[in-house]
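# A predicted structure for the sequence below; I have some questions about it.
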Amino acid sequence: MTLTVQFETLLSMIAMGIFFGAFLDTYQRFLKRQTRPRIISFFTDIVFWCVFGLLIFYCLYRVNFGEIRLYLFLALLCGYSAYQALFKRLYARLLEQVILTVVNLFLFLKKCFYFLIILPIKLIIKAVLIVTGLIGKTLLLLAKTALSLLLLVGKIVFSPVFLVWRFFPDRIQKKAAILNEKLAGFFLLVKNTVINKANRWKK
C-alpha cells in the first residue's frame, strides 16, 4: 500500500472506531438487557457483531481492497477511546432527543389519524344508526296507531250489524262465532307483533 492509502485506511479505522461506539450505545439503548431473555440477547449480540464486522470489512475493501494490518486494530481502539472521551455524552443526549422526537411525532400522527379518519367514521355510523332507529320507531308508531284506529272504526261500523246479528239463527251464529274467533286471534297476533317490535326499538 502507498503512504496515502495507509493514511486513508488509518483515518477510516479511527472513524469506524467512533462509529462503533455510537453503534454500540444505540444497540444497548434499544436492547434493554434487564427486560430481555438471555437467549434473545445472545442471538442479537451475534447479529450485532456480524453486522459490524461486515461494515469494517466493507470499509477496508473500499479503502485498501481489504488488506489487514495490525495498526488498523489500534486505530479502531483509538477511535473507540476518542468516542468514549469526547462524544459519548453528546451522542447519548442527541439519541434521547431523537427518540423523543420520533415518539412525539408518532403520537401526533396517531392522534391526527384518529381525529381525521376514525372519529368521523364513528360519528357517521352513529348518526346513521340514530336516524334509522328514529325512522323505524316512527313507522312502528304509525302502524300501531293505524291499527288501533282501524279496530275502532271497525267496531263503530259493525256495531249495527251486531245488533241485527242477534236475530239470525243459532246455527249461523255459531259458524260466525268460530270465524270471529279466528279473525280476532289473527288481529291480536298482528297487534302483539307490532307492539313487541315497537318496544324493541324504544330500547
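Done, it's in. These numbers were taken from a predicted model, which means no experiment stands behind them. Residues are numbered from 1 along each chain as shown.
# next, count neighbours for F113.
11 (other CB atoms under 10 Å). Bear in mind the C-beta positions are built from the backbone N, C-alpha and C, glycine included.
# which SSE is it in?
Under the criterion of DSSP states H and E, F113 resides in helix 88-113.
# what are the buried residues along that helix?
By neighbour count with 16 or more other CB atoms under 10 Å, helix 88-113 contains the buried residues Y91.
# after that helix comes which helix or strand?
helix 119-165.
# show me what the helix or strand harbouring Q28 is packed against.
Using DSSP H and E, Q28 sits in helix 3-31. Under the contact definition 3 or more CB pairs under 8 Å, 6 or more residues apart in numbering; DSSP states H and E, helix 3-31 sits against helix 38-64, helix 70-82, helix 88-113.
# what's near enough to touch the closest residue to S81 other than its chain neighbours?
Excluding the flanking residues, the one nearest S81 by CB to CB, 6 or more residues apart in numbering is G17, at 7.6 Å. With contacts defined as CB atoms under 8 Å, 6 or more residues apart in numbering, G17 is in contact with 75-83.
# low-confidence ranges, the protein, go.
For the chain, the stretches with pLDDT under 70 are 1-2, 33-34, 66, 158-177, 179-180, 183-184, 187, 191, 194-195, 197-203.
# domain parsing for it?
3-96, 135-202 (automatic domain parsing).
# just put the ones you listed in TSV and tack on distance to N104.
Shown next, in TSV, are these (distance: least, CB to CB, whole Å):
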stretch	distance to N104
domain 3-96	12
domain 135-202	45
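# ranking these by burial, who's on top?
domain 3-96 (a mean of 14; mean count of other CB atoms under 10 Å).
# how far does it sit from its chain's centre?
Centre-to-centre, domain 3-96 and its host chain are 38 Å apart (CA atoms, centre = their mean, to the nearest Å).
# look up how far F30 lies from V102.
12 Å (CB to CB, to the nearest Å).
# for stretch 49-61, output the C-alpha coordinates as CSV.
The C-alpha coordinates for stretch 49-61 follow below in CSV (Å, rounded to 0.1, in the frame of the first residue of the first chain):
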residue,chain,number,x,y,z
TRP,A,49,-21.0,-8.3,15.9
CYS,A,50,-21.6,-9.9,12.4
VAL,A,51,-23.1,-6.7,11.1
PHE,A,52,-20.3,-4.5,12.4
GLY,A,53,-17.7,-6.9,11.2
LEU,A,54,-19.2,-6.7,7.7
LEU,A,55,-19.2,-2.9,7.9
ILE,A,56,-15.5,-2.9,8.8
PHE,A,57,-14.6,-5.3,6.0
TYR,A,58,-16.6,-3.2,3.5
CYS,A,59,-14.8,0.0,4.7
LEU,A,60,-11.4,-1.7,4.3
TYR,A,61,-12.4,-3.0,0.9
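# contact partners of that stretch?
Residues contacting stretch 49-61 (CB under 8 Å, 6+ apart): 9, 12-13, 16, 19-20, 23, 66-68, 72, 76.
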